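Participant: structure for the following, please:
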Amino acid sequence: MNFLAEIRLQNMKNLVEEAGSVAELAKRAGYAQPSYLYQIINQTAIQNGKPKNIGGAMARKLESAMNKAEGWLDMNHGETLPLPPEDTETIRIDHLDMAGACGGGIEADDWPSPISSVEFPLDAVRRLFSGRDTSGLKIVGTRGDSMEPTIPETSAVLIDTKADTFAGDGIYFFAYAGGLYTKRLQKTPAGLLALSDNPLYQSFPIDENDRFRIIGRYYGVISLKLAQ
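Facilitator: Now for the predicted structure:
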């Protein structure tokens, strides 16, 4: 199972708890029988001897049924990286001197130096990222409320700077037209579209020739208590 599939499966289990049962979640999402959801939750082998993952269409359907923002199922929720006790093997993640605007954008300078770093237990990071390369993980700040409720205002977020190209719809930290943004990017026939999770903000098209550069892909909100 890939990283996104694991996140979606865990979030689906969270939705089952919120709905009260698999049957209730299936009912709200418009499935006549809950058996399909049971197969996914139990990871029953039904396709080529392999369990079926939650596809994009199903993810959006479940989000809508439970009044979640589009893309909610694709994000880590409620899992934080705890501060390490003494004598614990740790990994150091740099906090970069830049902020992505969850709003109107802020001016982008050259690639910044770290202003600080935070140590997390290595085993917790490995569990959270399921063996993926963690060498590109960085912490950056955000400003504004355009990505609420997914990203609360003035949050610190975790990005993967190794994921610096568009690899499917999702939330990215990017430079554009002299500004820095944390937005959801969506591929359309006309090109990339930047969207906010807060419905008060309008989407805008991306001209990839206007100083557009993806810096990293968003992977979750870091508790501010951890960064202090």
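
Participant: ok, and the closest non-adjacent residue to L9?
Facilitator: Distance criterion C-beta to C-beta, 6 or more residues apart in numbering; nearest residue to L9, sequence neighbours excluded, is I54 at 6.6 Å. The C-beta positions use only the backbone N, C-alpha and C, and glycine is treated the same way.

Participant: any idea which element that neighbour lies in?
Facilitator: Using DSSP states H and E, I54 falls within no helix or strand.

Participant: any idea whether the closest residue to E148 other than its chain neighbours is helix, strand or coil?
Facilitator: Nearest non-adjacent residue to E148, counting by C-beta to C-beta, 6+ apart: N198, 5.1 Å away. Here N198 takes the coil state, with states given by DSSP: H, G, I helix; E, B strand; the rest coil.

Participant: for the protein, just list every one of the strands.
Facilitator: For the chain, the strands defined by DSSP state E cover 45-47, 50-51, 90-101, 106-107, 114-121, 137-143, 156-160, 170-176, 179-188, 191-195, 204-205, 213-222.

Participant: what helices and strands are in contact with the last one?
Facilitator: Strand 213-222 is packed against strand 137-143, strand 156-160, strand 170-176, strand 179-188, with contacts defined by 3 or more C-beta pairs under 8 Å, 6 or more residues apart in numbering; DSSP states H and E.

Participant: lowest-confidence stretch among the strands of the chain?
Facilitator: Lowest mean pLDDT of the strands of the chain: strand 106-107, a mean of 56.

Participant: measure stretch 117-132 end to end?
Facilitator: 20 Å (C-alpha to C-alpha, to the nearest Å).

Participant: about what we covered before: closest one to V221 among the helices and strands packed on strand 213-222?
Facilitator: strand 156-160 (5.6 Å; C-beta to C-beta).

Participant: surely Q186 touches S196?
Facilitator: No - counting by C-beta atoms under 8 Å, Q186 does not reach S196; the two are 11.4 Å apart.

Participant: who has more neighbours out of the two?
Facilitator: A count of neighbours by other C-beta atoms under 10 Å puts S196 above the other of Q186 and S196, at 24 against 18.

Participant: ok, the more buried one touching T182?
Facilitator: No - taking C-beta under 8 Å as the definition, S196 is not a contact partner of T182, at 9.6 Å.

Participant: let me know the angle separating the longest helix seen in the chain from strand 213-222.
Facilitator: Ordering each helix of the chain by length in residues (DSSP state H) puts helix 3-19 first. Between helix 3-19 and strand 213-222, the angle comes out at 40 degrees (axes from the mean of the first three to the mean of the last three C-alpha atoms, to 10 degrees).

Participant: alright, calling it a day.
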